[in-house]
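Participant: Turn this into a structure:
(2 chains)
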2 protein chains.
Amino acid sequence: MTEKKIILSHGSGGASTGELIKEVFADAFKNEILDAMEDAALLPLEVGTDATGRLVMTTDSFVVDPVEFPGGDIGRLAVCGTVNDLLMRGAKPLYITSAWILEEGADVEQLKRLVKSMAETAGEAGVNVVCGDTKVINGNGGIYANTAGVGIVYKKDGNEYISASGAKPGDSVIVSGTIGEHHAAILSDRMSIETDISSDVAPLTDMVNNLSQINVHCMRDVTRGGLATICKELCVASGVSMELVQESIPVEKKVKDFAGLLGLDPLYMGNEGKLVCTVAESDEEKALEIIRASRYGKNAAVIGKVTEDDPGKLVIKTPIGGKRILDVLRGEGLPRIC
Amino acid sequence: MTEKKIILSHGSGGASTGELIKEVFADAFKNEILDAMEDAALLPLEVGTDATGRLVMTTDSFVVDPVEFPGGDIGRLAVCGTVNDLLMRGAKPLYITSAWILEEGADVEQLKRLVKSMAETAGEAGVNVVCGDTKVINGNGGIYANTAGVGIVYKKDGNEYISASGAKPGDSVIVSGTIGEHHAAILSDRMSIETDISSDVAPLTDMVNNLSQINVHCMRDVTRGGLATICKELCVASGVSMELVQESIPVEKKVKDFAGLLGLDPLYMGNEGKLVCTVAESDEEKALEIIRASRYGKNAAVIGKVTEDDPGKLVIKTPIGGKRILDVLRGEGLPRIC
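Facilitator: Prediction:
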């Protein structure tokens, strides 16, 4: 491949597309399934009649701007976003797809870095990239990605599959670490404000694997819309209310300072490597211990309780003792955060 | 949802995204799995220990310009592209994802039409849309889609799973109908040339289901790059050669005329509802009969033979008796054909 920039013919499906795939994608994702170079991948997953095994599937597109940011890039983000969505159902992530929409003029060396990062993150997350696609559009060098993923989940005796609707009154609400870093990292980079804030983008594979020792009622990763939006969605889906305690919600000092400077509320700032879950109060300590022992969970904290006050209502106790009702994010938030 | 055009906040993950999903996507794709509104869909597919059942997975992004064209639109195209890729492995398509990247200014009414078309085509193809995603980028109203799909395939006694590498010397090469319509429809629309050519975009579900009665050695849908590129790829993957007979390749007269006018070769013009397959000569008549009885297969024809002349070589006999060697598409082809 002689071109240093992407041109329209890289999307033709002919010789140029073949060169692009060979040079940029095939080596980075090398595995037996992908190497077959079929239009659809045959997966070594046996499909049959186990009474409790279920397939789980998800997809996300990624349009983050910039594509390389402090702490990560669109390649790592695209793996984490999809893998974490599978994990939140209690599934073991197995296979992901890798589809790219490239604007003319996209830098081939940068694309190689992003694809390498995607491959490395897939390795860390324990999934194989099994098929892909590349399209080219007119434009100014932009790079967009889509990943879809499948995993399997097995039902434990007497338990339901984990879902957003499983929170129960009396549950403890746990967040797996500090909030707002991804949002702050993207925004500071875009505004050219010098900070040492890094995105928290990470696959939560080991954390969720370890949590399978206990009975998690409800689990969601904290992404677009931030902790408040996600908790509100859980309240609505589960038909419960939640009372959070503001002082117990972990926020890095530099993120708090950055948010304060710009008048932002960390409760609505997105992460890409954090989860919120609810467990029975009797499992609270064990859950905290498991999350804190995981690679990305050392700052985990109990941040509130599930109540049955008023179904769908999310309330937060402020440091001065007042109570504030929280809704989902209204308005723009930060465009192209993921 | 009050806006008639997409704005950045529709991608925020907050209230506006919720409204967009509710108003545009949720009703169109209505099914139990999607209605759960989880980030990852739990699929009623039992995963266990059947010795011959395998999961098949694929993905494609779609950047076709224009998004509505004679005979179809990006919604129908996105279903057919992914479903047909699954079918080409002999799989029964089950579930697809629906991810959209929208440029600011995209028309909401048009988006609704596209999503409705996607839903109808999914119904025709026999798949459920089980999860989705929406992102908004800066721009001028462009609409891009990605679908990923999973299906299952069961191995028949003594046979291999169908793949691009299964063509055998002596096989008959069959195309399921006339070639070049999709390419010609897109190009004529983009150039504002008045023709009555329609895209052939269609899901080949019934055709492939019916073909499972016989032993298909090798199968591919004829898309980007056209029949010549696909046949060349099959030759390389299977380590065989092919000799096609130009006069036997079905091309609609209006497509032939249109191609002639612009100096294009129908052999390199893409379709979106055609397949090429190879079967033992003894199965040729049965295969033709099955394909011709299918909804989109009435013009199926035997177009050549698999040979063992020179592995990877594709040759075509011209009407005047000469032979021409065909390679994969070189250069641009038609940008944004799918």
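Participant: Which element, helix or strand, includes A:Glu243?
Facilitator: Assessed by DSSP states H and E, A:Glu243 sits inside strand A:241-245.
Participant: Now that strand: average pLDDT?
Facilitator: Strand A:241-245 comes out with an average pLDDT of 98.
Participant: elements contacting it?
Facilitator: Contacts defined by 3 or more CB pairs under 8 Å, 6 or more residues apart in numbering or on different chains; DSSP states H and E place strand A:241-245 against helix A:226-238, strand A:301-307, strand A:314-317. C-beta here means a position set from N, CA and C on the backbone, and glycine is covered the same way.
Participant: Which residues are in contact with the nearest residue to A:Glu181 once chain neighbours are set aside?
Facilitator: Nearest non-adjacent residue to A:Glu181, counting by CB to CB, 6 or more residues apart in numbering or on different chains: A:Asp200, 4.3 Å away. The contact partners of A:Asp200, by CB atoms under 8 Å, 6 or more residues apart in numbering or on different chains, come to A:71, A:177-178, A:181-182, A:271-274, A:296.
Participant: In TSV, list these along with secondary structure, neighbour count and pLDDT.
Facilitator: Shown next, in TSV, are those (DSSP: H, G, I helix; E, B strand; the rest coil; neighbours: other CB atoms under 10 Å in any protein chain shown; pLDDT from 0 to 100):
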residue	secondary structure	neighbour count	pLDDT
A:Gly71	coil	18	97
A:Gly177	coil	24	98
A:Thr178	coil	21	98
A:Glu181	helix	28	98
A:His182	helix	35	98
A:Asn271	coil	30	97
A:Glu272	coil	28	98
A:Gly273	coil	27	98
A:Lys274	coil	30	98
A:Tyr296	coil	20	98
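Participant: and which of the residues you listed is nearest to A:Ile320?
Facilitator: Nearest to A:Ile320 among those: A:Thr178, at 22.3 Å, using CB to CB.
Participant: which residues touch A:Glu124?
Facilitator: A:203, A:205.
Participant: got it, and A:Gly297?
Facilitator: A:176-177, A:207, A:290-291.
Participant: So which of those are in helices?
Facilitator: Mapping those onto helices (DSSP state H) picks out A:207, A:290-291.
Participant: Could you check how far A:Lys232 is from B:Ala15?
Facilitator: 10 Å (CB to CB, to the nearest Å).
Participant: The closest residue to A:Pro335 other than its chain neighbours and B:Val328: what is the separation?
Facilitator: Closest residue to A:Pro335 apart from its sequence neighbours, by CB to CB, 6+ apart: B:Leu8 at 4.2 Å. For B:Leu8, the distance to B:Val328 equals 40 Å [CB to CB].
Participant: and these two? which has more neighbours close in?
Facilitator: B:Val328 (22 against 18; other CB atoms under 10 Å in any protein chain shown).
Participant: next one: phi and psi at that one?
Facilitator: phi -70, psi 160 (degrees, to the nearest 10).
Participant: ok, now which ones touch the closest residue to it other than its chain neighbours?
Facilitator: Nearest non-adjacent residue to B:Val328, counting by CB to CB, 6+ apart: B:Thr229, 4.5 Å away. By CB under 8 Å, 6+ apart, B:Thr229 lies in contact with A:13-14, B:268, B:328-329.
Participant: on that earlier part again, switch the helices and strands packed on strand A:241-245 over to CSV, and while doing so, append mean pLDDT to every line.
Facilitator: Formatted as CSV, the helices and strands packed on strand A:241-245 follow (pLDDT from 0 to 100):
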stretch, mean pLDDT
helix A:226-238, 96
strand A:301-307, 98
strand A:314-317, 98
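Participant: Please identify the deepest-packed of these.
Facilitator: Greatest average neighbour count among the helices and strands packed on strand A:241-245 goes to helix A:226-238 (a mean of 24), per mean count of other CB atoms under 10 Å in any protein chain shown.
Participant: can you count the residues close to the residue in the stretch 101-250 of chain A that chain B sits nearest to?
Facilitator: At 2.6 Å from chain B, A:Arg224 is the closest residue in the stretch 101-250 of chain A, using CB to the nearest CB. A:Arg224 has 24 neighbours, counted by other CB under 10 Å.
Participant: That one: what secondary structure?
Facilitator: coil (DSSP: H, G, I helix; E, B strand; the rest coil).
Participant: Nearest spatial neighbour of the residue most central in space within chain A, chain-adjacent residues omitted?
Facilitator: Centroid check for chain A by CA atoms, centre = their mean gives A:Gly81 as the closest residue, at 3.0 Å. Spatial nearest neighbour of A:Gly81, excluding adjacent residues (CB to CB, 6+ apart): A:Asp60 at 4.5 Å.
Participant: strand partners of the strand or helix carrying the one you found, parallel vs antiparallel please.
Facilitator: Element membership of A:Asp60, judged by DSSP H and E, is strand A:53-62. The pairing partners recorded for strand A:53-62 under DSSP bridges are strand A:143-154 (antiparallel), strand B:41-46 (antiparallel).
Participant: Can you say which of these is packed in most?
Facilitator: Here the criterion is mean neighbour count by mean count of other CB under 10 Å, and of the strands paired with strand A:53-62 the winner is strand A:143-154, at a mean of 27.
Participant: from the chain's centre, how far out does it sit?
Facilitator: 11 Å (CA atoms, centre = their mean, to the nearest Å).
Participant: now it: mean pLDDT?
Facilitator: Mean predicted lDDT for strand A:143-154 stands at 93.
Participant: Dump the C-alpha coordinates for that strand into CSV.
Facilitator: C-alpha atoms of strand A:143-154 as CSV (Å, rounded to 0.1, in the frame of the first residue of the first chain):
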residue,chain,number,x,y,z
ILE,A,143,-12.4,8.1,11.5
TYR,A,144,-15.4,6.4,12.9
ALA,A,145,-15.7,2.8,14.2
ASN,A,146,-18.4,0.3,15.1
THR,A,147,-18.1,-2.8,17.1
ALA,A,148,-20.8,-5.4,17.8
GLY,A,149,-20.2,-8.2,20.2
VAL,A,150,-21.6,-11.5,21.4
GLY,A,151,-21.1,-13.3,24.6
ILE,A,152,-22.7,-16.1,26.6
VAL,A,153,-24.4,-16.1,29.9
TYR,A,154,-25.4,-19.0,32.1
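Participant: Once you drop chain neighbours, what's closest to A:Ile33?
Facilitator: A:Val130 (4.6 Å).
Participant: Secondary structure element holding the one you found?
Facilitator: Using DSSP H and E, A:Val130 falls in strand A:128-137.
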